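1. Build me a model:
(one chain, ligands or ions: 1)
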Amino acid sequence: MFHNPIDNTTLRDIIAFPFKANYYLTEFYIYCLELIMKKIITTLVTALTLLSPVTFAAHPMCGKTDLAEVMDNMKDSMKAIKKAAKAGDSAKVNNIAADLLSNVENAQDFIPLAISDQKELNAEQQKDFDNYKKGMGYLKEAVEELASAQDMASVKMALGKIGKASKKGHKAYKMDCDD
Ligand code: HEM
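-> Numbering: from 1, shown residues only. Now for the predicted structure:
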């Protein structure tokens with residue numbers, strides 16, 4: 001039997017090489033196909049997850065809390081304030097702002113649903129609630145400015161602050177009831 005002493009190959013190894021090479025090539029080919037398939041499936045699953053509508057149900061109390069009711073009153077006040085501001089009636093703006101102020105003071109004591117639906121808060125929730133109250137404090141200052149604004153420039157400035165406070169507060173603490 002032929003035997004190459006240098007690297008220990010036999011004639012059998014040499015004859016079998018093309019068949020073995022073919023086998024390894026096929027194995028490699030299948031491995032590549034598997035990799036490609038895995039990649040396609042992962043991409044499809046990710047795309048489907050991202051594209052499918054979010055199916056989390058909103059909290060059953062979403063939009064029905066005491067805080068939501070107070071906020072709805074605030075919305076009505078803001079509508080009336082904007083109308084009076086448009087008419088240039090700063091005295092009327094001052095009057096409605098005084099109403100708004102009492103609602104803002106009221107809102108400060110309610111816990112947003114996004115933080116908790118319970119009265120007892122853990123440390124992290126308490127921190128969130130404190131920040132919510134800070135946001136409300138900022139709103140209160142702006143509404144106080146509105147209630148004592150003597151000219152339309154001050155009215156405009158105070159309205160700008162209220163808009164900012166509201167946008168920031170909603171982004172941080174208002175649950176989206178349409179989820
Ligand atoms: C004048 C300014 C504001 C107006 C007119 C206003 C108006 C509203 C309205 C219309 C809603 C929806 C109520 C419903 O679902 O029926 C709402 C919800 C809410 N707003 Fe305001 N908002 C104001 C400022 C703020 C600020 C400054 C914060 C936070 C610091 C805030 C926090 C919230 C929260 C947490 C809710 C959801 C209520 C809940 O958790 O039950 N809002 N607001």
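2. all contacts plus neighbour counts: C-alpha atoms, from now on.
-> Fine.
3. I'd like to know which residues of this protein are adjacent to the ligand.
-> Residues of the chain that fall close to the ligand, judged by CA under 6 Å from any ligand atom: 63, 65, 67-69, 71-72, 74-75, 78, 112-114, 132, 135-136, 139, 162, 165-166, 169-170, 173-175.
4. Mind checking which of those residues are buried?
-> Using 16 or more other CA atoms under 10 Å as the burial test, the residues of the chain next to the ligand include 63, 65, 67-68, 71, 74, 78, 112-113, 132, 135-136, 139, 162, 165-166, 169, 173-175 as buried.
5. now, which of those residues lie within helices?
-> Secondary structure from DSSP state H places 67-68, 71, 74, 78, 132, 135-136, 139, 162, 165-166, 169, 173 of these in helices.
6. Would you mind giving these as a markdown table with distance to Lys39 added?
-> Output for these, formatted as a markdown table (distance: CA to CA, whole Å):
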| residue | distance to Lys39 |
| --- | --- |
| Leu67 | 48 |
| Ala68 | 46 |
| Met71 | 49 |
| Met74 | 52 |
| Met78 | 53 |
| Tyr132 | 44 |
| Gly135 | 46 |
| Met136 | 49 |
| Leu139 | 51 |
| Ile162 | 50 |
| Ala165 | 46 |
| Ser166 | 45 |
| Gly169 | 42 |
| Tyr173 | 39 |
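7. Quick one: mean pLDDT for the helix or strand hosting Ala91?
-> Counting by DSSP states H and E, the element that carries Ala91 is helix 90-107. The average pLDDT within helix 90-107 is 98.
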